[in-house]
Structures are given as structure tokens and as C-alpha cells.
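okay, here's the prediction I keep looking at, along with the sequence it came from:
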Amino acid sequence: MHTAQALKKGLDDIRANKRVVLLLWLTNLILALALALPLLGWLDKLSDTSEADVMLEQFSLRLLVEIGYYDFSALWRLASRLFVWLILAASLVSTFMSGGVLTVLANPSEEPLLERFFAGAGRYFLRFLGLLVGVGTCAMVVLSGLNLLMGAIVAKVSESSSEVTPLILGLFQTVLSILVGSVFLLVLHYARIATVADGLSSIIKAVLRSLAFVFRNFLRTFALLIFFAAAGGLVYLAYWMIRGVLPTTSWLLILALIAVQQAVTVARSALQLGLVGAEMQLYVLRRPKVEKISGEPERQPELMAEVADPEPGTEGTQGTQGTEGTEETQGTLG
């Protein structure tokens, strides 16, 4: 029941926060342009070759690879720069944007949007960056140890068994690595949510609270992740189907393909926002009662308090009014 409520809330957040979706799309577009411009510069050098005429008629990955081998040194420098940019810049930008998204979703009634978004992004950036480094380091250590162990087992078994057994073990290793990596991803997601929802300033407390939440709600958290991942997979499948039937023989068709690519990016941004909204709602519905830290109650955003405890203070207000009314009545009768 809570999973369905969280899923519905995530889909509602997409419809209610179209401007945030466009902001995420614009960020992805800027990152894509920063990556594409150096690559376009390298491809521009190939425009005078005979292979360029073939590429204009129909894109050929094999031909592009052969051109890359021909100019391997330049391509290697370009690829290394793009890889560093992709890993470093995309990670930093994603960490920055996630703080803004969570702030907007936690306080949906406040305006203006951009001020609220970037204020939250700046407020949580260092904490989210610490979470990314900590959880990412643990994930790399665990996955490296797991792959080394499974690799040794596969090598040992392959010496004294049939060819099918190593293939099965290799498939099991892949599935296990994906599962473990997904667990660390969920821990990172809910640690960010706990930081915003519960007002945590300690990275360790956020990770421990997230870890406990993920394992207590293992199927629910994975159900949300799988749903939005499957939706994203369907979007990319539709894109590749369109890409297969849409030739790139003219500039008009190329522009049409670029428009389709941007539509896919918008859909991906919307699904990212929906996943964050669904995970936040699940955390609010399933988290344990907020405990005190150092003798003081934790600070919570308005939406978190409202969802966790509908109409807070109503009982106390009614009780106060009732007491005052009783005292006045008794005084009048006396």
C-alpha cells in the first residue's frame, strides 16, 4: 500500500514540477554540449576525407572505429578528457542539483522556485558530496573484493568442470554485482533524503539511518527503483526504434533526430524527478518516529512534518480551547 502511495506521489510530482523538469533538462543539455563540442571538433577534421561521404549517407560504427584507429593518438587524448569531464563534472553537478530537487519537493508551496532550488542546492552540496564520496568509496571496495573473490572461484572451477559452469558463475557474478551496486545506490538516495527530511548534519548518521531503512524496506525500495528504471528503458527502446527507421540523409532529418533525442532527455529528467519524489514519500511513510539528537528535536521541512503527522498541533489546540471553554462555563455558573 505504501509503495503504491509513494509511486503515485512520484508521478504527481512530475506533473506538479514541470519547471524543475525543464531545469534538469537544461542542465543535461549544457553537460551534453560540453561533451559534444570537442568531439564535433575532431569529427570536423574528418570532413575532407572520403569516409565522410559514406558517413553522411548512413552512420557506420565500424567505419568510425577504423577512423579512430587511424588517428588514435588524437582520439585517445579526446576520450581521456571527455572521460574525466564526464565522471567529475557530471558527479558534481548531479550532487548539486539533487539538493535543489529535494528542497523543492520537501517545500512545494514556497516561492520563488529558482531561489528555493538554488538555496537548497547550495545548503546541502557539501553534505551530499561527502555522502557521494563515502558511499562511493565503500561501493568500490566491496565490489572490487566481490569481483576478485568471484574471479578466483570461476578460475578454480573452470579447471575441473565443463565450460557451462564458468558461464553460469560469470552470469551470477554479474547479477550479484548489479544487486550490490543497486543497494549502495539506494543507500545514497535515502541518505540524501534523510539529510533533508530529518535535518541531519552528520554524514555517518545519515548513512546508518539510510542503511537501516533500505534493509527494512528492501522490496519496497527496489520496487520503486525497478519501476522507474524500466520506464526509462522503454523510453530508450522507443528512441532506438525511431532511430532505426529514421534515416539521416538530410539536415532536416538530422534535426528531427536531435529533437527526438531532446525529448528523450526531457523524459529521463522527468523520471529522475519522479523517482526522487517517490523515494521521499516512501521514506516519510515508512521511517521510524523521529528521535531527538543531543537532547533537541530534529529540524524538519514543512512537508515532512505534515505528511508524517497530519494536522500537527490540532489535538493540543482543541484541548486548550476545550479547557478554556470549561473554565469559563464553570465561572459563569458559579
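Structure received.

which stretches of the stretch 101-250 of the chain have low pLDDT?
For the stretch 101-250 of the chain, the stretches with pLDDT under 70 are 110, 160-161, 248-249.

the helices in it, which residues?
Applying DSSP state H, counting those that start in this stretch to the stretch 101-250 of the chain gives helices spanning 113-158, 164-197, 203-216, 218-245.

next, the buried residues of whichever helix or strand comes after the last one.
Right, the one you point to is helix 218-245. As assigned by DSSP states H and E, the chain's next helix or strand after helix 218-245 is helix 251-286. Of all the residues in helix 251-286, those buried under the rule 16 or more other C-beta atoms under 10 Å are 257, 264-285. C-beta: built from backbone N, CA, C; applies to glycine.

over to stretch 218-230?
220-225, 227-228.

just stretch 154-173 next, same as before
154, 166, 169, 173.

kindly report the same for stretch 1-18.
3, 6-7, 9-11, 13-14, 17.

now, which of the residues you listed lie within helices?
3, 6-7, 9-11, 13-14 (DSSP state H).

let's have these in JSON lines, adding pLDDT and distance to Gly233.
Listed next are those as JSON lines, based on pLDDT from 0 to 100; distance: C-beta to C-beta, whole Å:
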{"residue": "Thr3", "pLDDT": "92", "distance to Gly233": "20"}
{"residue": "Ala6", "pLDDT": "95", "distance to Gly233": "20"}
{"residue": "Leu7", "pLDDT": "94", "distance to Gly233": "17"}
{"residue": "Lys9", "pLDDT": "94", "distance to Gly233": "22"}
{"residue": "Gly10", "pLDDT": "94", "distance to Gly233": "17"}
{"residue": "Leu11", "pLDDT": "95", "distance to Gly233": "17"}
{"residue": "Asp13", "pLDDT": "94", "distance to Gly233": "21"}
{"residue": "Ile14", "pLDDT": "95", "distance to Gly233": "17"}
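
now, which of the residues you listed sits nearest Gly120?
Nearest to Gly120 among those: Asp13, at 15.1 Å, using C-beta to C-beta.

report the contact partners of the residue lying closest to the closest one once chain neighbours are set aside.
Nearest residue to Asp13, sequence neighbours excluded (C-beta to C-beta, 6 or more residues apart in numbering): Gly277, at 3.3 Å. Residues near Gly277 by C-beta atoms under 8 Å, 6 or more residues apart in numbering: 9-10, 12-14, 17, 105.
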